[in-house]
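Colleague: predicted model and sequence below, questions to follow.
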Protein chains: 2
Amino acid sequence: MAEIETVGCESSIDLPQGLKRTHPCNALREQHAGQEVTLCGWVSRRRDHGGLIFIDLRDRSGFIQIVFSPEVELNAFNKAETVRNEYVLAVRGKVKLRSESTMNPNMATGAVEVYGHELRILNTAKTPPFYIQDNIDVDETLRLKYRYLDLRRPEMQRDLMLRHRVTKTMRDFLDKHEFVEIETPMLTRSTPEGARDYLVPSRVNPGKFYALPQSPQIFKQLLMVAGMERYFQITRCFRDEDLRADRQPEFTQLDIEMSFIDREDILSLMERMIAYIFKESLDINVPTPFPRISYDEAMAKYGSDKPDLRFEMEIKDISAAVRNSGFKVFDNVLANGGQVRAINVKGNANIPRRELDGLVDYAAIYGAKGLAWMCYTKEGIKSPITKFFNEQTLNQITELTAAETGDLLLIVADKAKVIAAALGQLRLEMARRLNLIDPNKLSFLWIIDFPMFEFDEEEKRWVAMHHPFTSPREEDVFYLGHEPDRIKAKAYDMVLNGIELGGGSIRIYHRDLQEKIFSAIGLSPEEAVEKFGFLLEAFEYGTPPHGGIAFGLDRLIMLMAKRSSLRDVIAFPKTQSASDVMTQAPSEVSPRQLKELFIKAEVLSKK
Amino acid sequence: MAEIETVGCESSIDLPQGLKRTHPCNALREQHAGQEVTLCGWVSRRRDHGGLIFIDLRDRSGFIQIVFSPEVELNAFNKAETVRNEYVLAVRGKVKLRSESTMNPNMATGAVEVYGHELRILNTAKTPPFYIQDNIDVDETLRLKYRYLDLRRPEMQRDLMLRHRVTKTMRDFLDKHEFVEIETPMLTRSTPEGARDYLVPSRVNPGKFYALPQSPQIFKQLLMVAGMERYFQITRCFRDEDLRADRQPEFTQLDIEMSFIDREDILSLMERMIAYIFKESLDINVPTPFPRISYDEAMAKYGSDKPDLRFEMEIKDISAAVRNSGFKVFDNVLANGGQVRAINVKGNANIPRRELDGLVDYAAIYGAKGLAWMCYTKEGIKSPITKFFNEQTLNQITELTAAETGDLLLIVADKAKVIAAALGQLRLEMARRLNLIDPNKLSFLWIIDFPMFEFDEEEKRWVAMHHPFTSPREEDVFYLGHEPDRIKAKAYDMVLNGIELGGGSIRIYHRDLQEKIFSAIGLSPEEAVEKFGFLLEAFEYGTPPHGGIAFGLDRLIMLMAKRSSLRDVIAFPKTQSASDVMTQAPSEVSPRQLKELFIKAEVLSKK
């Protein structure tokens, strides 16, 4: 065993007999004083003072101060002298009350310390590339490369434990409500409609490919056809899209489907589930029911289908006031079916001119050809456009926007879609600048009555806004084929603080309606059968009315943990180039592996 | 909405208002008599009798008999006349006690029936390709093609619900014992050692590939380095191997890892977990602790490292008795380091000669060049080989095998490995033929002290029997490099009724020992660093002693549900050609998809 002792450890392979941990570090309090305990953990800090050695020992639970004194046990003291940060220790010692002057109120165990009389160095450690502590300012790539060290930091451990607690309480809740967790395949069939698939070449079926699931949508509907009635699954999904900050190539979804229910059943059950999770995981009370806002209303009032309602600043329609005012810009827009709308940024009348110019540029990013403004100063309204308006018009604008002295109006005249985009973003941006958002507030809501279709300008065809299995409202089915834009879907999204947590719909469950929807999005009957034949066929064998929802788990945890990056709540995330810098995945593979799969990697011209 | 009515339903899209299900079908008992209830479900059977229509309505919970009478409500009665099997109904009616003569004791709800006065046909159904009932004799391919109908059968629903219950209780148990469920990546790096990987071409990193995980082994060890201390995950794993009856290309694993523990900690916690699961899911008491049997003992006594101990029939060594008996076949084997061993098949002395000849062939499958037999009949021992033995030898054989009148000895002389294979299989085969196996008995045990290495005859090198992260026993490390076959590993398997449920080990946690093991299995230092560099590096930053285990969930559920095929406990399994006959995955994909991934499918010559 000489070869192992070279790394400086006493027991090379096994935990030493008779040194079984008795407590987690963080468990020790005044009442343990006098007890003998055995602790295991990592050296967070060591300092020598007054002839003693002090070690902050860290485990998953927290910290405890260990003291080694030559007078207690010289052997242990001598060993403690060799210890450095991140060494792994097992320590036997006696819990003692600290003297009042040495108590540490910032430490949960700060009233006590452990005088060690037996010390085993279970493993040594090189100096880590960054400090193992919270709030470090380290390049994220380095953290990801040494993820096993990054995850030692208390805040990372806390968030992974929160994630566990959330999924546990989800399952408890759904189990109590008679949902059955059923696993669906990861090696599935590539389907159109949706994002780009990750493909997996088949060895047994040369030239054919599996796809990793973008969601278990079709399987969960088939489980309803199968009479499972209440299904859920916490499962991995995959989308091969270019990554933004809040996207990962693989992500986790809470997937739910129910039979014999209507929309209200799902919404109310899901908000109770969310309330249960927040209560059990964070001890936060979430009031239910959540407000329900139609898509049209959300777009009109907040310029977004995921509005942040932690603050007001509604978008107001001032078209009626400025119509025929003689201001050509507005008149032209109104004449062409456009609108004039404004937000009232309360108390921001003294905004510097330079900042206003910046806002014009900001609005332009979202397609606004211009941004008008009106400052309600004590000296009256300052604005480049008021000269076009008579007093009545000004009064009407003031009334419609509830503007008072000190307020700033930001006005966009354009098509409804552009106004929504520009004023919706300006609304958020101004709230951030003015610090209007209470980070401790939780604003949950439902967006309902989404349009069934939207026009894809690129592909020049109608596409399903949610997905093609979504049921239209009964009263709108009439418009199928001639006025698809008038059809609302039985779709709904749950929104928290301006972020979409999840979405779903009541589904179509009749073959002929499903075929019509496929046809409306440009799938020929042959294509529909080729791609979804098994689903269409299934619909003919007694499919119950059903609907469901899916939540992005990573995003929910991120919000609950008050983190700004999904990567902070995923144990081993991918970078924006979809790589794992620790294991260096993806990697090159052997030619033999590719040959067995009947594929060739194309050589890339380097230029 | 005319287009929808053509399929014969009243409310085409939504569940009709005011017809909310009040009870699951199976909930109704005597005490509900007189209540008005609303039920939803599928028509399991309809029969007309005495001017009434009887429908057995089925939902996830079970069955209830509905009666439609023209005297109760003509409209509902008329609609009920149009109803056929597997139609989806919502029925409002009144619960009535059945008369004593019409009670059905084979039905949980057989004491009552519901007189329907309102009927909605939520959906129609074509005639299914097979009966929706248990114990059908239908080609499995047809069942898989119409899996959504197959899963409607009560036994399939029961087993999926059992699966849910098992994973729920697993999570409850592990949560209570402070395990944290942590998700590890699905898009990982291809590694050597182990089965063939499923590969996923990367679009963002041309020419590179992810691999789907064969297990989260390395990640879970890194989570121990990260100080998570107690990890688990119920997760999908992938192996691209040729499929046998009990294999699936994707399968589910309960994966566990713990720090600061020794082997006994894991074994005892895991057997308590299994006992908890059986109690909570099936109300079966499983006694703990489980017997622990060394690999060597299991191979010697039962010829298997996963022995079925529901019956005895131990393999006995009779080498000492027959040594120098003068019987050349045995003498030669013994002279060449072989052994002579026997099983005693109690009470089978009258086995027909033809069956004995069949057993010789059976033993040959497992490599035995011959099979000797001795029948202890009332007229004395009948055997072609007794003539070679004197009375003392015969007495010794009788004593060593505890043979009595009526018994049959089956004897193999060969190398230990061949004897184990042949007699191990004969032991099982004879137990099956003689009906010695009580299907209700549960025989759990642990196999411990596995060999660290085994020699791979094909690759002409030593390979790790479990995996190369397994720790050898301290006392055996000495043999590394010169006598690898003498090294036992701290590995363990849990076995139930002759089937391996799970396996694991205490891990290596020092870089230098890990490097030595890689070297022993023929990885050069460069290869080791290239493949596992990040793990070796991690070992240098304070890795705690740790170990773990993984269970095959599908197999566990299969045994708990008393099924013989994994496919019966997986909602959407693959066939032996790794295909899904319902969705027809894998499938061909578009050239554009392949181009984006920088791969080409090789054209296969059709001949």
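Modeller: In hand now; what should we look at? Residues are numbered from 1 along each chain as shown, chains lettered A, B, ... in the order given.
Colleague: rest of the way, CA atoms for contacts and neighbours
Modeller: Will do.
Colleague: just want the most central residue of chain A.
Modeller: Centroid check for chain A by CA atoms, centre = their mean gives A:R555 as the closest residue, at 1.2 Å.
Colleague: if I look at that one, how far off is A:L496?
Modeller: Taken as CA to CA, to the nearest Å, the spacing of A:R555 relative to A:L496 amounts to 10 Å.
Colleague: same question for A:F534.
Modeller: Counting by CA to CA - A:F534 and A:L496 are separated by 36 Å.
Colleague: do A:R310 as well
Modeller: If you go by CA to CA, the gap between A:R310 and A:L496 works out to 9 Å.
Colleague: what touches both of these two?
Modeller: With contacts defined as CA atoms under 8 Å, 6 or more residues apart in numbering or on different chains, the residues shared by A:R310 and A:L496 are A:L442, A:S443.
Colleague: okay, these two: which has more neighbours?
Modeller: Residue environment comparison for A:R310 versus A:L496 gives the larger neighbour count to A:L496, 22 against 18, counting by other CA atoms under 10 Å in any protein chain shown.
Colleague: got the contact list for the nearest residue to that one once chain neighbours are set aside?
Modeller: Residue nearest to A:L496 in three dimensions, not counting chain neighbours: A:F444, with 4.6 Å by CA to CA, 6 or more residues apart in numbering or on different chains. Listed by CA under 8 Å, 6+ apart, the contact partners of A:F444 are A:F290, A:P291, A:M494, A:V495, A:L496, A:N497.
Colleague: now the buried members of those residues.
Modeller: Among the contacts of A:F444, those classed as buried by 16 or more other CA atoms under 10 Å in any protein chain shown are A:F290, A:M494, A:V495, A:L496, A:N497.
Colleague: wait, which of those is closest to B:G424?
Modeller: The shortest approach to B:G424 among the buried ones among the contacts of A:F444 belongs to A:M494, at 59.4 Å (CA to CA).
Colleague: wait, that closest one sits on A:S443?
Modeller: No - using CA atoms under 8 Å as the test, A:M494 is too far from A:S443 to be in contact (10.5 Å).
Colleague: list the buried residues in stretch A:43-58.
Modeller: By neighbour count with 16+ other CA under 10 Å, stretch A:43-58 contains the buried residues A:V43, A:S44, A:R45, A:R46, A:L52, A:I53, A:F54, A:I55, A:D56, A:L57, A:R58.
Colleague: just these: which are in strands?
Modeller: Using DSSP state E, the members of these that fall in strands are A:V43, A:S44, A:R45, A:R46, A:L52, A:I53, A:F54, A:I55, A:D56, A:L57, A:R58.
Colleague: of all these, which two lie farthest apart?
Modeller: When CA to CA is used, the two most widely separated members of those are A:L52 and A:R58, lying 19.1 Å apart.
Colleague: tell me the SS of A:R152?
Modeller: Going by DSSP: H, G, I helix; E, B strand; the rest coil, the secondary structure assigned to A:R152 is coil.
Colleague: with adjacent residues omitted, what lies nearest to it?
Modeller: What sits nearest to A:R152 in space, not counting adjacent residues and going by CA to CA, 6+ apart, is B:A226, at 4.8 Å.
Colleague: phi, psi for the one you found please.
Modeller: According to degrees, to the nearest 10, the main-chain angles of B:A226 amount to phi -80, psi 0.
Colleague: list the contacts for it?
Modeller: Contact partners of B:A226, counting by CA under 8 Å, 6+ apart, are A:R147, A:Y148, A:L149, A:D150, A:L151, A:R152.
Colleague: these: which two are farthest apart?
Modeller: Distance extremes for the contacts of B:A226: the farthest pair is A:R147 and A:R152 at 8.5 Å, using CA to CA.
Colleague: neighbour count for those two, which is higher?
Modeller: Per other CA under 10 Å, whichever of A:R147 and A:R152 has more neighbours is A:R152, with 26 against 22.
Colleague: contacting residues around the more buried one?
Modeller: For A:R152, the residues meeting the contact criterion (CA under 8 Å, 6+ apart) are A:I132, B:A226, B:G227, B:M228.
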